[in-house]
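Have a look; sequence and predicted model below, questions after that.
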Amino acid sequence: MSTHKKKNVIGMIVPTVDNPFFASLVCHAESILNDKGYGLLVCNSAKGVRCPCCK
């Protein structure tokens, strides 16, 4: 028998976390969500950024 617990997680996709605007946005969102019992899953879309591993 498996037990399932509901997870309160919200996803957020940002173009890059290197930009101070998006880093601040993620930080504030996480703080607000944590206060309300939610977790935050952040994904970096790397829009316009070349990753060294993609050469």
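Good, I have the coordinates.

what about Phe21, neighbour count?
When neighbours are defined as other C-beta atoms under 10 Å, Phe21 has 10 of them. Placement of C-beta: from N, CA and C, glycine included.

and it, what element?
Per DSSP states H and E, Phe21 falls inside helix 20-35.

contact partners of the next helix or strand after that helix?
Next helix or strand after helix 20-35 toward the C-terminus (DSSP H and E): strand 39-44. The contact list for strand 39-44 (C-beta atoms under 8 Å, 6 or more residues apart in numbering) reads 7-17, 26, 29-30, 33-34.

what's the answer for stretch 11-20, then?
22-23, 25-26, 29, 40-49.

What angle do strand 39-44 and the helix holding Phe21 make with each other?
Calculated by axes from the mean of the first three to the mean of the last three C-alpha atoms, to 10 degrees, helix 20-35 forms an angle of 160 degrees with strand 39-44.

can you give me the end-to-end distance of stretch 11-19?
19 Å (C-alpha to C-alpha, to the nearest Å).

Likewise for stretch 4-23?
One end of stretch 4-23 sits 32 Å from the other (C-alpha to C-alpha).

If we go by neighbour counts, what in it is buried?
Neighbour-count burial for stretch 4-23 flags 14, 22 (criterion: 16 or more other C-beta atoms under 10 Å).

for stretch 27-39, same thing?
In stretch 27-39, counting by 16+ other C-beta under 10 Å, buried: 29-30, 33.

which of those residues lies closest to Thr3?
Set against Thr3, the nearest of the buried residues of stretch 27-39 by C-beta to C-beta is Leu33 (24.4 Å).

Just grab the bridge partners of the most centrally placed residue in the chain for me.
Closest to where the C-alpha atoms of the chain average out (C-alpha atoms, centre = their mean) is Val42, at 1.4 Å. Note on Val42: beta-bridge partners by DSSP bridges are Met12.

gap between it and Cys27?
Distance, Val42 to Cys27, using C-beta to C-beta, to the nearest Å: 10 Å.
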